[in-house]
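Student: Sequence first, predicted model second:
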Amino acid sequence: MMHPHLYRRAAVSLLLAFSCLPALRAAAQVDWTAVQARPTPAWIREAVVYEVFPRQFSAKGDFAGVTARMDDMKALGVDVLWLMPVHPVGRLKAKGAFGSPYAVKDYYGINPDYGTKDDLHRLVEAAHARGMKVIIDIVANHTAWDSVMMSNPGFYKHDAEGHIIPPHPEWADVAALNYGNAETRRYMRDMLKYWARDFRLDGIRCDVASEVPTDFWEDVRRDLEEIRPGFLMLAEASKPELLVHAFDLDYSWPMLGALNKVLMEGAPASEVRRTWEESEQAAFPRGALHLRISDDHDEPRAISRFGWTAALAASAMELTLDGVPLLYNGMEVGDASESGDPALFEKVPIFWEPKGRESFRDTYVRLISLRHRHLALQGGTVVWLENSAPQNVVSFLRRGESEEFVTVVNFSNRPQAATVRVENAPDFGVELQSGAAASGAKIGLPEVSLGAFEWRIYRRPLKP
């Protein structure tokens with residue numbers, strides 16, 4: 001969705017975190033660390049998600065263009081393909097030349113620019129044949145102004161004068177659905193069941209999930225689980241209560257904000273650890289799972305915000321931290337095409353062969369492969385490690401049953417030496433790094449030397 005006020009909305013979502021646990025509603029504050037997040041299937045915790053904007057993915061901008069690159073995505077190592085909204089886009093009050101894909105005209109239809117339902121079936125079948133899952137974007141909070149649902153005004157929210165209204169004044173191209181109406185809930189519930197059943201989808205990504213009542217999502221969850229056991233539900237939200245019964249994971253907006261502060265505004269690298277501890281661990285249910293994002297359709301491209309090497313450094317951290325990593329289509333080749341509002345409403349195809357960025361794909365392949373090969377990077381505990389340069393360097397350990405990993409990232413544009421405080425330092429060997437260490441540089445733990453935005457990942461096997 002077109003969210004120019006992304007972080008403000010995330011903050012608002014956190015303030016609304018009381019509606020799904022009746023026993024806790026009366027409390028002035030909820031201690032979310034005393035609440036357990038819903039159990040999540042292992043395949044979700046192990047996954048790397050790849051977001052696809054079909055309009056921008058190929059020159060023709062259709063499902064066939066996505067299916068044609070299926071082997072490339074498989075070779076990259078991603079596990080879950082997330083298709084941005086596949087439905088027809090409304091034209092009434094539309095923004096830009098093409099309109100927002102999040103202004104849905106017909107929830108049961110297919111965007112004719114993308115192809116047909118048969119084309120979507122072929123895409124899903126091609127992904128499944130390669131062992132990949134497919135989820136689609138569902139925009140349950142609002143519709144286009146020329147939606148087929150407008151035939152029943154009761155589906156929508158109204159102002160005091162009886163006029164249908166947008167969810168927020170700045171979202172003028174969409175109309176807010178009314179979940180106080182049982183008919184609305186029934187319509188949306190039946191629609192979600194249709195997509196899960198008829199297209200054998202493996203999950204949904206739910207746009208603006210925090211603004212749809214939590215009890216609706218909880219009810220729908222039960223229905224979808226009956227149709228597709230192990231169904232993935234991803235909330236575009238940062239709202240703790242959603243992860244108790246309804247959703248498997250949400251957006252790590254606080255961490256995205258921390259990366260922006262560190263890499264764009266000069267905040268200390270220690271802001272990353274502080275955010276993880278205070279805005280995630282202390283603010284969410286135990287075991288809560290977050291989607292790790294540095295780039296998506298709401299943001300300018302990461303390499304535009306951070307720079308080439310810094311964008312890869314951010315990805316190295318997120319692919320070895322806890323949570324589920326996200327790649328936005330084109331990240332793997334260093335695409336710098338415009339993204340986010342207002343490019344969201346235009347046709348801006350990915351440029352698949354940008355100059356001088358041949359190493360990007362290899363870096364992502366190696367990082368994803370490393371994550372897939374080692375359980376410690378998928379579900380191991382996180383231990384933040386003190387280092388002697390907290391202004392510039394992030395260091396943490398992932399501990400599994402049979403091995404430990406240490407990730408050290410220099411988030412500054414200058415070479416940096418640091419001493420990392422880690423037990424058994426001599427036992428760690430370099431497993432993966434960006435580029436080749438300069439001659440004479442200190443490579444092994446605890447003392448390391450890193451160039452600008454360089455990173456290094458170490459591994460230590462544990463004795464049985």
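Tutor: It's in. Remember, predicted model here, so these are calculated numbers, not experimental data. Numbers count the residues shown, from 1 in each chain.
Student: what stretches of the stretch 351-464 of the chain score poorly on pLDDT?
Tutor: 439 (pLDDT under 70).
Student: where exactly do the helices run in it?
Tutor: 359-373, 375-379 (DSSP state H, counting those that start in this stretch).
Student: what about the most centrally placed residue in the chain, which helix or strand?
Tutor: Centroid-nearest residue in the chain: Leu291, 4.2 Å away (criterion: Cα atoms, centre = their mean). Here Leu291 sits within strand 290-292, counting by DSSP states H and E.
Student: Note down every partner strand of that strand and its orientation.
Tutor: In the sheet, strand 290-292 lines up against strand 249-251 (parallel), strand 324-328 (parallel) (DSSP bridges).
Student: looking at the protein, which helix or strand does the model trust least?
Tutor: One helix or strand of the chain scores below all others by mean pLDDT, DSSP states H and E: helix 6-15, with a mean of 36.
Student: That one: what's the following helix or strand?
Tutor: helix 42-45.
Student: That following helix packs against which elements?
Tutor: helix 375-379 (3 or more Cβ pairs under 8 Å, 6 or more residues apart in numbering; DSSP states H and E). C-beta coordinates here come from the backbone N, C-alpha and C atoms, glycine included.
Student: Export the helix it packs on to PDB, keeping only CA atoms.
Tutor: Extracted in PDB, the C-alpha atoms of helix 375-379 (Å, rounded to 0.1, in the frame of the first residue of the first chain):
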ATOM      1  CA  LEU A 375      19.900 -24.600  11.600                       C
ATOM      2  CA  ALA A 376      21.600 -22.200  14.000                       C
ATOM      3  CA  LEU A 377      20.900 -19.400  11.500                       C
ATOM      4  CA  GLN A 378      17.200 -20.400  11.100                       C
ATOM      5  CA  GLY A 379      16.200 -20.900  14.700                       C
END
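Student: Compute the number of surrounding residues for the nearest residue to Pro101 once chain neighbours are set aside.
Tutor: Leaving aside its chain neighbours, Pro101 sits nearest to Pro85 (4.3 Å; criterion: Cβ to Cβ, 6 or more residues apart in numbering). If you count neighbours by other Cβ atoms under 10 Å, Pro85 ends up with 24.
Student: isn't Pro85 right up against Ile135?
Tutor: No: the criterion here is Cβ atoms under 8 Å, and Pro85 misses it with Ile135 at 11.8 Å.
Student: count of neighbours near Val80?
Tutor: Neighbour number of Val80 under other Cβ under 10 Å is 23.
Student: didn't it look like it was pressed against Lys133?
Tutor: Yes: using Cβ under 8 Å, Val80 is in contact with Lys133, at 4.6 Å.
Student: so what sits against both of those two?
Tutor: With contacts defined as Cβ atoms under 8 Å, 6 or more residues apart in numbering, the residues shared by Val80 and Lys133 are 47, 202-203, 232.
Student: Which of those residues sits closest to Leu92?
Tutor: Gly203 (30.5 Å; Cβ to Cβ).
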